[in-house]
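# The following comprises the amino acid sequence and a computationally predicted model.
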Amino acid sequence: MTDHCVDVLIIGGGVGGLTLAQWLTGLGRSWRIVEREAYLGGPLAHSQYVLKWIPGWPAVSGRDYMAAILAGIDTTHCELSCELTQIEIDGIEQAWRCQLSNGRTMLAKKLVFACGAAPVSPFAAAERVIVGPGLQKIAHLQTGDRVLVLGGGDNAAEHALILQEMGCSVVMLVRSQLRASAVLAQQLQAAQIDFRVHGDELPLNVSVSGIELFGEFYDYAAVYYGYQPSKAITDFPVLYGLDQQISRDVFILGDMTGPAYPNILLTQGQAAVVAKQIDHVLSGDGMRTRHCTDLALGEWS
């Protein structure tokens, strides 16, 4: 049985998936979002950071930016705390038959994976090890906490400055050299952040009481080693042909594409391009007005 049929099933409700949904709505295409978390917006949803380089938004936080995007779509078309568990080819309907973890089954003419990326850490998960950016991740730290910041990019530099403003004692370690922007590098220097180069080996000793490294002790280690693109699409071999190429009815956007310089604007631009590509293909198929109402067992709330 099929609960619903849509033009596009979007896997991932972050900035890429939401931007795509907004474009598809404007193009008159039906869509559904499947989001594994209980909220939409991805890492930006709870971020109080001021986003830089967003034209027309000189001082907007990630949280407020996502709220503005969410205001432009119908969130009742989104399935939260839900995952895509199985995909089959429906030869009769020429669509993908998708099984969701909430028990729903639906048909989608096109699939778009916008699952983003996950922060990278070579260390085992531990209460004293904070991985990836986000003010909510460091909100529990207290004045006087000694924090080891690992990484040399913008995220590491920004968090080192924020932690110092919170009253923490910060030591920043980079593998070879600082890679943060010139502006942040100047701010680190002005703030007199304790900055060190550690080389390739980092024998971090983690315990329930804290972190030990090179004979020094810290309350927490905060790791900002970048991101690894999601490989969620590889969980579904049916999406690949005999030549191991992804089906032309399946699209990938955002950090999953492994861009050299990932950023919000790039992801949103890709979403706009994918929406127009899908609209062009479906228009050519003469399927603009087809809604598969004969397959629907009921409207989604």
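Ah, there it is.

# What values do phi and psi take at the one residue sitting closest to the centre of the chain?
Residue closest to the average C-alpha location in the chain (CA atoms, centre = their mean): Gly116, at 3.5 Å. The phi and psi values for Gly116, taken as degrees, to the nearest 10, are phi 70, psi -150.

# so for stretch 199-206, what's the average pLDDT?
Taken as a whole, stretch 199-206 has a mean pLDDT of 85.

# let me fix that: stretch 120-127
Per-region confidence: stretch 120-127 scores 93 on mean pLDDT.

# okay, it in PDB with CA atoms only?
Extracted as PDB, the C-alpha positions of stretch 120-127 are listed here (Å, rounded to 0.1, in the frame of the first residue of the first chain):
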ATOM      1  CA  VAL A 120      35.200  14.600  12.200                       C
ATOM      2  CA  SER A 121      37.000  13.400  15.300                       C
ATOM      3  CA  PRO A 122      39.800  10.700  15.600                       C
ATOM      4  CA  PHE A 123      39.000  10.400  19.300                       C
ATOM      5  CA  ALA A 124      36.500   8.000  20.900                       C
ATOM      6  CA  ALA A 125      33.200   9.600  22.000                       C
ATOM      7  CA  ALA A 126      33.400  10.800  25.600                       C
ATOM      8  CA  GLU A 127      31.700  13.300  27.900                       C
END
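
# coming back round to it: in contact with the residue nearest to the centre of the chain, which residues are there?
Gly12, Gly14, Gly16, Gly42, Pro43, Pro229, Ser230, Gly254, Asp255, Met256 (CB atoms under 8 Å, 6 or more residues apart in numbering). For the C-beta atoms, the positions are set from N, CA and C on the backbone; glycine is no exception.

# now swap in Ala221 and tell me
Each residue near Ala221 by CB under 8 Å, 6+ apart is listed here: Phe123, Arg128, Val129, Ile130, Val147, Leu148, Val149, Leu150, Leu204, Val206, Ile211, Leu213.

# What is the nearest of these to Gly26?
Comparing the contacts of Ala221 against Gly26 with CB to CB places Ile130 closest, at 39.1 Å.

# For Ile162, see how far away the closest one is.
12 Å (CB to CB, to the nearest Å).

# neighbour-wise, which of these two wins?
A count of neighbours by other CB atoms under 10 Å puts Ile130 above the other of Ile130 and Ile162, at 24 against 17.

# Skipping adjacent residues, who's closest to that one in space?
Ala222 (4.3 Å; CB to CB, 6 or more residues apart in numbering).

# any idea whether the closest residue in space to Pro133 that isn't next to it in sequence is helix, strand or coil?
Excluding its sequence neighbours, the residue lying closest to Pro133 (CB to CB, 6+ apart) is Asn155, at 4.5 Å. When classified by DSSP: H, G, I helix; E, B strand; the rest coil, Asn155 comes out as helix.
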